[in-house]
Structures are given as structure tokens and as C-alpha cells.
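[1] got a predicted structure plus its sequence, pasted below:
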Amino acid sequence: MKILVASYGKTGTKSLAAALRILGYEVYDIWEHMWFHGKEWKKLLTHGGHVEDFRSMYQDVDVAVGVPVYVFWEEIHQAFPQAKVILTVRDEDTWAESMLKHIKRDDEHTWLKVIKTLSPTGWSYHYFTASHQRMVHGYDTCTWWPWKTSVLNETVMRRNYRLHNDYVAHKAPKDLLLIFNISQGWEPLCKFLGKEIPTVAFPTKIKMALFTKKGLKANTRCTKE
């Protein structure tokens with residue numbers, strides 16, 4: 001592994017993943033984690049894991065980003081101590097607003113719940129994300145029934161966000177760490193990675209609909225393989 005993104009979701013991680021792909025890296029985001037390492041993550045999110053688990057899972061991957069990598073960023077970095085660490089940051093209030101909208105959208109999306117109930121792939125996605133949400137965000141999301149409305153503790157969610165960012169900033173090796181806001185664009189990222197600045201614009205508007213479309217394509221690709 002060359003790059004470990006230790007950031008909470010809704011901090012620009014989708015834009016960063018897209019930017020790193022433009023720079024030529026093989027990136028594993030939430031869909032890749034679920035399709036290729038879903039069984040391993042189910043165990044890790046339930047019982048925890050060890051450095052060797054992560055070394056085995058990601059030794060041939062350039063970049064790991066997104067849910068649920070950041071939960072175990074420290075153990076993953078122990079497996080790949082030379083990997084550079086990127087922490088994307090965002091104002092807490094705008095982050096919380098975005099996260100709450102995301103949770104509400106999922107809770108009110110009837111068709112998504114139907115897919116989670118009837119499709120084996122949808123069911124796997126529900127268990128995968130619900131296990132992560134219960135662990136990290138301080139709210140009750142039922143892992144065995146997709147139609148249950150989430151019971152949110154915003155205070156815990158905000159506190160965990162602050163604690164996580166402060167811990168990464170303090171604990172990650174300073175010579176390997178970039179604290180990055182996607183509004184900064186290509187320059188600090190490329191300087192940190194030793195890459196030429198691309199001629200295309202930095203990808204800053206990754207919509208949820210495109211994210212879901214990518215997941216469906218990944219599902220089709222993995223099924224064929």
C-alpha cells in the first residue's frame with residue numbers, strides 16, 4: 001500500500017479517491033472493500049483484527065480509503081508503515097449537516113430498503129454499512145432489518161468526529177501525513193505525493209447518485225468475474 005486515507009466519510013473522500021485515480025493509483029473505496037473483502041470486514045467489524053489481516057488484504061492495493069478503513073487506520077498503517085497518510089478535513093457543522101442528510105436520505109429511501117431486503121447484494125451492503133455505523137457514529141442501526149429507522153445520537157457523532165481527527169493528526173508520522181481540504185485542489189496533494197499537477201480540474205463534486213451507479217457497475221463486474 002502506498003497511501004492510506006484515514007478520514008471520516010463526508011469530508012471529500014469520494015473526490016479524493018477520484019483525484020487519486022486520475023493520478024494513476026489503484027484505489028479501493030467502499031465498494032471494493034465490500035466486494036473483494038466483505039467477509040474479512042464482517043469479521044473485523046464484529047470481532048476486531050490484527051496487523052496481519054490487513055497486510056494480507058491490502059498488500060497489492062495502492063490506496064485504501066473510505067468506510068470502514070478509517071476505523072482501523074492505525075492497525076493498517078502498522079501493516080504498511082511506509083504508506084503516506086492523508087486526513088481530509090471539513091468544518092464540523094457542515095460535516096454534521098451533510099452526514100445527517102445522508103442518514104435521513106437512506107432512512108426515507110423506500111426503494112433502497114426494498115433492494116436491501118430482497119437482493120443478496122443489497123443485504124450484504126446493509127450489513128456492511130450498518131455494522132460500521134453502529135460502531136462509529138453513535139446511533140442504533142439494526143443489522144438484521146433494513147426497515148428499522150436509525151436512532152441517532154448527534155452529540156456522540158460529533159464528538160467521535162473531533163476525537164478521530166485530533167488523534168490522527170497527533171498519532172500519524174508527521175513526515176508521512178497530509179492534512180488536506182479538497183478546496184485546496186491539486187497543488188498540496190501533488191506536492192505531497194511527488195506527482196505532476198494534472199491538466200484536468202480537481203474532482204470536487206461527486207454526487208451520491210454517481211456513487212451508487214459506480215457501486216452497481218462494480219457489482220456487475222465482480223459478478224462476471
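    Perfect, thanks for sending it.
[2] look up the closest residue to residue 182, ignoring the ones flanking it.
    residue 12 (3.7 Å; CB to CB, 6 or more residues apart in numbering). Just so you know, the C-beta spots here come from the backbone N, C-alpha and C atoms, and that holds for glycine as well.
[3] buried residues in stretch 43-62?
    44-45, 49, 51, 53-54, 57-58, 61-62 (16 or more other CB atoms under 10 Å).
[4] out of those residues, which is nearest to residue 97?
    residue 45 (26.2 Å; CB to CB).
[5] can I assume that closest one sits in a helix?
    Yes: applying DSSP: H, G, I helix; E, B strand; the rest coil, one finds residue 45 inside a helix.
[6] what residue lies at the spatial centre of the protein?
    Nearest to the geometric centre of the chain sits residue 66, at 1.2 Å (CA atoms, centre = their mean).
[7] tell me the contacts of that residue?
    5, 9, 13-14, 17, 29-30, 33 (CB atoms under 8 Å, 6 or more residues apart in numbering).
[8] which pair of those residues spans the longest distance?
    Top of the distance list for the contacts of residue 66 (CB to CB): 14 and 33, 13.8 Å.
[9] in CSV, list the contacts of residue 66 along with secondary structure, distance to residue 203 and neighbour count.
    Putting the contacts of residue 66 into CSV (DSSP: H, G, I helix; E, B strand; the rest coil; distance: CB to CB, whole Å; neighbours: other CB atoms under 10 Å) gives the following:
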residue, secondary structure, distance to residue 203, neighbour count
5, strand, 15, 25
9, coil, 16, 21
13, helix, 12, 23
14, helix, 8, 24
17, helix, 9, 24
29, coil, 13, 25
30, helix, 17, 24
33, helix, 20, 23
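[10] looking at the buried residues of stretch 43-62, which are in helices?
    44-45, 51, 53-54, 57-58 (DSSP state H).
[11] between these, which sits nearest residue 88?
    Nearest member of these to residue 88, counting by CB to CB, is residue 58, at 19.1 Å.
[12] quick one, grab the pLDDT at the closest one.
    Residue-level confidence at residue 58 comes out at 96, pLDDT.
[13] how near is it to residue 95?
    26 Å (CB to CB, to the nearest Å).
[14] before we move on, what about residue 193?
    24 Å.
[15] neighbour-wise, which of these two wins?
    Neighbour tally, residue 193 and residue 95, criterion other CB atoms under 10 Å: the higher count belongs to residue 95, 20 against 16.
[16] return the residues in contact with that one.
    Counted by CB under 8 Å, 6+ apart, residue 95 has contacts 8, 10-11, 161.
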